[in-house]
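In: Provide a 3D model corresponding to the input given below.
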Amino acid sequence: MTDMRQSQIFRTSKLEEADGPGLNPTATATMGDIIAARFSRRGFLKGSMATAAIAATVSPVALLAADEAKAQSASRFNFPEVEAGVDADHHVAQGYDADVLLRWGDKLFPDAPDFDPTRQTEAAQERQFGYNNDFVGFIPLEGATDRGLLVVNHEYTNEHLMFPGIVTMQNGEMVVADATEERANIEMAAHGGTVVEIRKVDGKWQPVLDGALNRRITAKTEMQLTGPAAGHARLQTTADTSGRKVFGTINNCAGGVTPWGTYIMAEENIHGYFTGELPEGHAEAGNYDRLGVPGGSYQWGHFHKRFDLGAEPNEPNRFGWVVEVDVMDPTSVPKKRTALGRFKHEGAESVVAKDGRIVFYLGDDERFDYVYKFVTAGRFNPDDRAANMDLLDDGTLYVARFDEDGSMEWMPLVYGQGPLTAENGFDSQADVLIETRRAGDLLGATPMDRPEDIQPNPMTGRAYVMLTNNTRREEANAANPRVDNAFGHIIEILEEDGDFTATAGRWEILLQCGDPSVAEVGATFSTETTKNGWFGMPDNAAIDADGRLWVSTDGNSMADTGRTDGLWAVDTEGDARGTSRLFYRVPVGAEMCGPCPTEDMSTFFVAVQHPGDGGEDWEGHGRVSYYEDLSTRWPDFRDDMPVRPAVVAITKQGGGRIG
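Out: Reported below is the predicted structural model:
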């Protein structure tokens, strides 16, 4: 194996590596198999491949409705659609403004230095907005609609876009110079999250640099492990013999805001940060294989031994959790809540159930991995914030099984129940939570096509699962011809009696994504969806105050779909069900993240992640993009500034509700 300290031939994106190979060893029927079996039994395999594809992914009611729908007039959305395409800038629907609110390197405190990309330091980055903003949340202050806290995850770093002078081209390949300790420390400071006060001034949002609650959270911030796994021997290290204190959080993808106003940071692709090898015969070998540890995407382990498996073999067990931050106390210690399990968390969106318990929906973003939910034991007290602060330390974690007849079961991951016993290597609930994936394997959970964000709709008792894609699925059948699932799909969960704590429910396919004009793709958008309205690779989502679904994407490009990623409005009810329209699109190479509508629907915050990370297949650039030769210099468009990930605030011109 090539030493990671040597110069490396550049791979387009750390995200491509981080998606993982699909590490589930079980033979449990995949979601594709189940969809095929369910609908083939109903007798919908008639006609051409396109007909079969539609029949395999849409309910009979939806099929009938599609023929007769007048979705344009029935749609709950009303805005001029953006034209899909690829270029160097971002675009929003006519009649709206899309203003850059915060970009990588922007000051967050009065004493923070101005951003200078040619003289970056760890100390400066700790006082500036971090890199690759993903999840975005808004927490109003004192009930105001024009003042609040913006909370933002900083998922990962693209060194070839961040640092000048580290890329050379060799035989048409991009080669990135060896990491240095200084560069590694800057990257660690660019990870984590941001909490910053923002307010509206003359109708436009701006950061409040002297906000008393402003803070940066990084890969070095002290954190506390809490819940059933805290203190366990498998979480103990040389630096922390208690197993209760860990430094930093990494690869924070989607997240959430709790009903009591705390900020949730979900740790996703943690495997890529570890290098080295476990000692021969180490007990964690199987556990780490199931998570792809070590991934070796970063070289931090050469400078910080906790990321070297040979030096600290237990350190990976201290990552892959859900982190809760009390934003009302900038000195508070963030808590890694182990009761919600350890895996590649994509998001942690919550909802208050009928009986007052809180339900979190959790996706494990890996090919052939699982959908989860966590139900608190305690109940939410809207009149006593302090009473809610440890709700996430006690509850039940469930994993989903989707059955052929359209039913589903949420199976509890509880030590001592079913196969989760000492005979299978689990000696406590801590073991179940540390090896959540293996516990799901033994229970027979349904392998999915990269479960990402999951959004519950409190108005309907339904939840929407974003399944981005799975190009490694090989099971072929007539009812589901998309064996190479390049474009993903969206599942709608109907919880029994609309109760989010239910352990049973039903499921339907809301959309199978891709270009509906290509029969072999088998996309199932409404016939009223325009050439601009379809999309592939659903990733994050939001339910707005009117109960409407918005979907953002990750992976669209000129080569794959002829368009960049963006934000689409998707109808889920009535004749317009399955109709989608494009509201906002990002620059070339970027991913669309963090859709966050405010409660009054006057603002939509979105996150533009890794702009400029691509452009080889776009005629406007046509080659690999890096710091000195970028496919776009969004959002500054200045020769002395690199491309910069940023959070954008979308508002309606003249005011009013969005969409």
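In: mind checking what secondary structure the residue nearest to Arg438 when sequence neighbours are not counted has?
Out: Using CB to CB, 6 or more residues apart in numbering and skipping the chain neighbours, the partner closest in space to Arg438 is Arg290 (5.9 Å). Backbone N, C-alpha and C define where each C-beta goes, glycine included. At Arg290 the chain is in helix, as set by DSSP: H, G, I helix; E, B strand; the rest coil.
In: isn't Arg290 up against Leu23?
Out: Yes: using CB atoms under 8 Å, Arg290 is in contact with Leu23, at 5.6 Å.
In: anything in contact with each of the two?
Out: Shared between the contact lists of Arg290 and Leu23 (criterion: CB atoms under 8 Å, 6 or more residues apart in numbering) are residues Arg437.
In: neighbour count winner among these two?
Out: Arg290 (19 against 16; other CB atoms under 10 Å).
In: now do the more buried one, the pLDDT please.
Out: Here the pLDDT value assigned to Arg290 is 97.
In: next: the one 5 residues further on.
Out: At Gly295, the pLDDT value in this model is 97.
In: number of nearby residues for it?
Out: 19.
In: could you verify my assumption that it touches Gly276?
Out: No: checked against CB under 8 Å, the pair Gly295 and Gly276 is beyond contact range at 11.5 Å.
In: any idea how far the closest residue to Thr275 other than its chain neighbours is from Ala179?
Out: The shortest distance from Thr275 to any non-neighbouring residue, by CB to CB, 6+ apart, is to Gly301 (3.8 Å). Applying CB to CB, to the nearest Å, the value for Gly301 to Ala179 is 10 Å.
In: those two: who's more crowded?
Out: Taking neighbours as other CB under 10 Å, Gly301 and Ala179 compare with Gly301 leading, 24 against 20.
In: quick one: that one is in a strand?
Out: No: Gly301 sits outside any strand when classified using three-state DSSP, being helix.
In: thought it was touching Val293?
Out: No: counting by CB under 8 Å, Val293 is not a contact partner of Gly301; they are 11.5 Å apart.
In: where does the prediction get shaky in the protein?
Out: For the chain, the stretches with pLDDT under 70 are 1-21, 30-73, 474, 476-483.
In: find the centremost residue of it, please.
Out: Closest to where the C-alpha atoms of the chain average out (CA atoms, centre = their mean) is Ala254, at 3.7 Å.
In: spit out the contact partners of it.
Out: Ala254 neighbours (CB under 8 Å, 6+ apart): 134-135, 153, 266, 346-349, 452-453, 540, 593-594.
In: now do the buried residues in stretch 611-630.
Out: Neighbour-count burial for stretch 611-630 flags 611-615, 618, 621, 624-627, 630 (criterion: 16 or more other CB atoms under 10 Å).
In: all the helices of the stretch 1-150 of the chain, in order from the start?
Out: 14-18, 31-40, 49-55, 60-68, 71-74, 122-125 (DSSP state H, counting those that start in this stretch).
In: can I assume Val649 sits in a helix?
Out: Residue 649: Ala, not Val. No: counting by three-state DSSP, Ala649 is located in no helix; its state is strand.
In: was I right about it contacting Val608?
Out: No: at 11.8 Å, Ala649 does not count as touching Val608 under the criterion of CB under 8 Å.
In: out of these two, which sits in the busier spot?
Out: Neighbours per residue (other CB under 10 Å) separate Ala649 from Val608, with Val608 holding more: 28 against 24.
In: surely that one and Val586 touch.
Out: Yes: between Val608 and Val586 a contact is recorded at 5.0 Å, counting by CB under 8 Å.
In: identify the contacts common to those two.
Out: 90, 592.
In: what's the end-to-end length of stretch 229-243?
Out: 9 Å (CA to CA, to the nearest Å).
In: buried sites along that stretch?
Out: In stretch 229-243, residues buried by neighbour count (16+ other CB under 10 Å) are 229-230, 232, 234-237, 240, 243.
In: tell me which of those residues fall in strands.
Out: Assigned to strands by DSSP state E, none of those qualify.
In: closest to Gly378 out of the residues you listed?
Out: Ala230 (17.7 Å; CB to CB).
In: who are the contact partners of the closest residue to that closest one other than its chain neighbours?
Out: In this structure, Ala230 finds its nearest non-sequential neighbour in Arg244, 5.3 Å apart by CB to CB, 6+ apart. Shown in contact with Arg244 (CB under 8 Å, 6+ apart): 224-226, 230-231, 235.
In: doesn't Val643 belong to a helix?
Out: No: the assignment for Val643 (three-state DSSP) gives coil, which keeps it out of a helix.
In: report how many residues lie close to it.
Out: 31.
In: what's the distance between it and Gly105?
Out: 12 Å.
In: go on, Arg183?
Out: For Arg183 relative to Gly105 (CB to CB), the value is 15 Å.
In: and these two? Which one has more around it.
Out: Remark: of Arg183 and Gly105, Gly105 carries more neighbours, 25 against 20, as counted by other CB under 10 Å.
In: contacts only, for the more buried one.
Out: Residues near Gly105 by CB under 8 Å, 6+ apart: 115, 117, 125, 128-129, 644.
In: what's the answer for Val399, then?
Out: Val399 neighbours (CB under 8 Å, 6+ apart): 370-372, 410-411, 413, 436, 439-440, 443, 445.
In: give me that answer again for 10 Å
Out: Val399 is in contact with 341, 343, 362, 364, 369-373, 409-413, 436-437, 439-441, 443-446, counting by CB atoms under 10 Å, 6 or more residues apart in numbering.
In: what is the neighbour count of the residue nearest to Arg103 when sequence neighbours are not counted?
Out: Leaving aside its sequence neighbours, Arg103 sits nearest to Ala646 (CB to CB, 6+ apart; 3.8 Å). The number of residues packed around Ala646, counting by other CB under 10 Å, is 24.
In: quick one, phi/psi of Ala646?
Out: phi -160, psi 160 (degrees, to the nearest 10).
In: what about the strands in the stretch 151-300 of the chain?
Out: Assigned by DSSP state E, counting those that start in this stretch, the strands in the stretch 151-300 of the chain fall at 167-170, 173-176, 192-201, 204-207, 215-217, 222-226, 245-247, 252-257, 263-267.
In: dump those into a markdown table; add distance to Met601 as well.
Out: Output for the strands of the stretch 151-300 of the chain, formatted as a markdown table (distance: least, CB to CB, whole Å):
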| stretch | distance to Met601 |
| --- | --- |
| strand 167-170 | 43 |
| strand 173-176 | 43 |
| strand 192-201 | 14 |
| strand 204-207 | 15 |
| strand 215-217 | 28 |
| strand 222-226 | 34 |
| strand 245-247 | 38 |
| strand 252-257 | 16 |
| strand 263-267 | 22 |
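In: of those strands, which is nearest Asp515?
Out: Of all those, strand 252-257 sits nearest to Asp515, with 25.9 Å by CB to CB.
In: restrict the closest one to CA atoms and write it as PDB.
Out: Extracted C-alpha coordinates of strand 252-257, given in PDB (Å, rounded to 0.1, in the frame of the first residue of the first chain):
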ATOM      1  CA  ASN A 252     -20.700  16.600  10.300                       C
ATOM      2  CA  CYS A 253     -23.200  16.200   7.500                       C
ATOM      3  CA  ALA A 254     -26.900  16.900   7.900                       C
ATOM      4  CA  GLY A 255     -28.200  17.500  11.500                       C
ATOM      5  CA  GLY A 256     -31.100  19.000  13.300                       C
ATOM      6  CA  VAL A 257     -32.600  21.400  15.800                       C
END
